[in-house]
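Participant: give me a model of this one.
(one chain, ligands or ions: 1)
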Amino acid sequence: MKTVVSGIRPTGQLHLGNYFGALKNFVKMQHDARCYFFIADYHSLTTHPDPEHLHGNVQNALAEYLAAGLDPEVATIYVQSDLPQTAELSLLLSMHAYIGELERTASFKEKVRKHPENVNAGLLCYPVLMASDILIHRADFVPVGKDQEQHLEMTRKFARRFNTIYGVDYFPESMPYNFGQELTKVPGLDGSGKMGKSEGNGIYLADTDEVIRKKVMKAVTDQGPTEPNQPMAEPIANIFTIMKIVSPEDTYRFFLDKYNACEIRYGDMKKQLAEDIIKVVTPIRDRIAEIKSRQGYLHEVVTAGAERARLSADETMRAVREIMGIKPF
Ligand code: TYM
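Facilitator: Sure, this is the predicted structure:
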């Protein structure tokens, strides 16, 4: 049986990017693989969240995971910091991670550019910790969005390097996964770039119908094509990309044909897109509030999850320590 691992930082509510980039894939895979899903609270510390809010954010993320269809009966769901073995593996792997390659990571460079006042060592070592999350369970597949592709490449590099240095065949080549398709990048509706919390352009699984309609109707558009089959400007291509992900195939085709025939009415397209997003979000949103109120249940889920995750993590750490020469007297 294949092993699948993935995680999401508890930085607020889940948006369509998280859902279609990663979570929906987990949910589809959970019955056919050994699945581990965790809330990456260690990773979120790089941006110094208020300690007063961190735990609430973790609870929120957990409730949203469960509402989106993760089943704790079949998947192991835990909080990253409940598995300190991950931190130990990160320390050990960091001995073979080179400063130069860490500094060249795209996500690190972007953080340095955006927040020059907070270039901490945790940020630099972020890919090592992420590799540890994945390798602690020796994952075959990692469902993630396109923005995590480079982190997965680095995970494979660290795994290969470990195997080569110690002459073992211990860590697998963990592959990013999206059902045989290209990894997904859900764009924002503000003209360019991806949908993200820090981009401030998220459509959240917990948004009300009204909020969703407002956000979609505000999407950036242009004057419309002036000749048949004209290439799309980025903001228009982004609306089509979201429609392709969210709406039925024939709806997407209908508006694409209209665009290609220069008959597109963006207002109609946005109205349809908003309704299709609402269809996806409604059943999840309804469950979020209900699950959030069941504190006892949330506690049970992560306690049992951490226990199960520990079995796999302890086995890996025993082997890694042995391979690296750390032996009991
Ligand atoms: P995070 O918390 O930023 O995002 C969680 C997941 O959502 C995906 N995602 C998107 N996918 C497509 N389009 C978007 N606009 C979009 N925005 C977010 C991300 O690709 C991700 O899969 N480093 C990770 C968390 C992490 C992790 C791991 C993931 C830590 N350890 C081990 C997998 C395995 C992160 O910051 O994701």
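Participant: touching the ligand at all, stretch 5-14?
Facilitator: Yes: applying C-beta under 6 Å from any ligand atom, one finds stretch 5-14 touching the ligand at 5-9. C-betas here are computed from N, CA, C, even on glycine.
Participant: what about that stretch, start to end distance?
Facilitator: 18 Å (C-alpha to C-alpha, to the nearest Å).
Participant: can you give me the helices for the stretch 1-150 of the chain?
Facilitator: Secondary structure of the stretch 1-150 of the chain (DSSP state H, counting those that start in this stretch): helices at 16-18, 24-29, 41-44, 51-67, 85-94, 99-103, 106-114, 121-124, 126-135, 149-166.
Participant: of all of the stretch 51-200 of the chain, which residue lies closest to the ligand?
Facilitator: Scanning the stretch 51-200 of the chain for the residue nearest the ligand gives Gly145, at 2.0 Å (criterion: C-beta to the nearest ligand atom).
Participant: OK, contacts around that residue?
Facilitator: With contacts defined as C-beta atoms under 8 Å, 6 or more residues apart in numbering, Gly145 is in contact with 17-18, 20-22, 183-186, 194.
Participant: same thing with Ala261?
Facilitator: Ala261 neighbours (C-beta under 8 Å, 6+ apart): Pro228.
Participant: kindly recompute the last result at 10 Å.
Facilitator: 225, 228-229 (C-beta atoms under 10 Å, 6 or more residues apart in numbering).
Participant: just Phe38 next, same as before
Facilitator: Phe38 makes contacts with 5-8, 61-62, 65, 76-83, 86, 133, 136-137, 302, 305-306, 309, as judged by C-beta under 10 Å, 6+ apart.
Participant: kindly report the same for Lys2.
Facilitator: 29, 32-35, 139-141, 172, 177.
Participant: ok, Glu88 touching Leu135?
Facilitator: No: in this structure, Glu88 is not within contact of Leu135 by C-beta atoms under 10 Å, at 12.0 Å.
Participant: looking at the two, which is more packed in?
Facilitator: Applying other C-beta atoms under 10 Å to Glu88 and Leu135 shows that Leu135 carries more neighbours, namely 25 against 16.
Participant: quick check: the more buried one touching Pro127?
Facilitator: No: between Leu135 and Pro127 there is no contact under C-beta under 10 Å: 11.9 Å.
Participant: for the spatially closest residue to Ala87 that is not a sequence neighbour, give me its contacts.
Facilitator: Spatial nearest neighbour of Ala87, chain neighbours left out: Tyr42 (6.9 Å); criterion: C-beta to C-beta, 6 or more residues apart in numbering. Applying C-beta under 10 Å, 6+ apart to Tyr42 gives the contacts 7, 9, 79-81, 83-84, 86-87, 90, 122, 126, 129-130, 132-133.
Participant: buried only: go through those for me.
Facilitator: The neighbour-count criterion (16 or more other C-beta atoms under 10 Å) marks 7, 9, 79-81, 83, 86, 90, 126, 129-130, 132-133 among the contacts of Tyr42 as buried.
Participant: save those as JSON lines, and put in pLDDT too.
Facilitator: Listed next are the buried ones among the contacts of Tyr42 as JSON lines, based on pLDDT from 0 to 100:
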{"residue": "Gly7", "pLDDT": "96"}
{"residue": "Arg9", "pLDDT": "95"}
{"residue": "Val79", "pLDDT": "98"}
{"residue": "Gln80", "pLDDT": "98"}
{"residue": "Ser81", "pLDDT": "98"}
{"residue": "Leu83", "pLDDT": "98"}
{"residue": "Thr86", "pLDDT": "98"}
{"residue": "Ser90", "pLDDT": "98"}
{"residue": "Tyr126", "pLDDT": "98"}
{"residue": "Leu129", "pLDDT": "98"}
{"residue": "Met130", "pLDDT": "98"}
{"residue": "Ser132", "pLDDT": "98"}
{"residue": "Asp133", "pLDDT": "98"}
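Participant: Leu298: which of those residues is nearest?
Facilitator: Nearest to Leu298 among those is Val79, at 10.4 Å by C-beta to C-beta.
Participant: return the residues of the stretch 51-200 of the chain in contact with the ligand.
Facilitator: 130, 133-134, 142, 144-148, 151, 184-186, 194-196.
Participant: likewise for the stretch 201-329 of the chain?
Facilitator: So the stretch 201-329 of the chain never meets the ligand (C-beta under 6 Å from any ligand atom).
Participant: residue of the stretch 201-329 of the chain closest to the ligand, please.
Facilitator: Gly202 (8.7 Å).
Participant: ok, that residue - contacts?
Facilitator: Neighbours of Gly202 in contact, by C-beta under 10 Å, 6+ apart: 12-18, 186, 188-189, 195-196, 215.
Participant: hmm, 6 Å instead?
Facilitator: The contact partners of Gly202, by C-beta atoms under 6 Å, 6 or more residues apart in numbering, come to 15, 195.
Participant: mind checking the SS state of it?
Facilitator: Going by DSSP: H, G, I helix; E, B strand; the rest coil, the secondary structure assigned to Gly202 is coil.
Participant: next one: it relative to Asp314, how far apart?
Facilitator: Separation of Gly202 from Asp314 (C-beta to C-beta, to the nearest Å): 37 Å.
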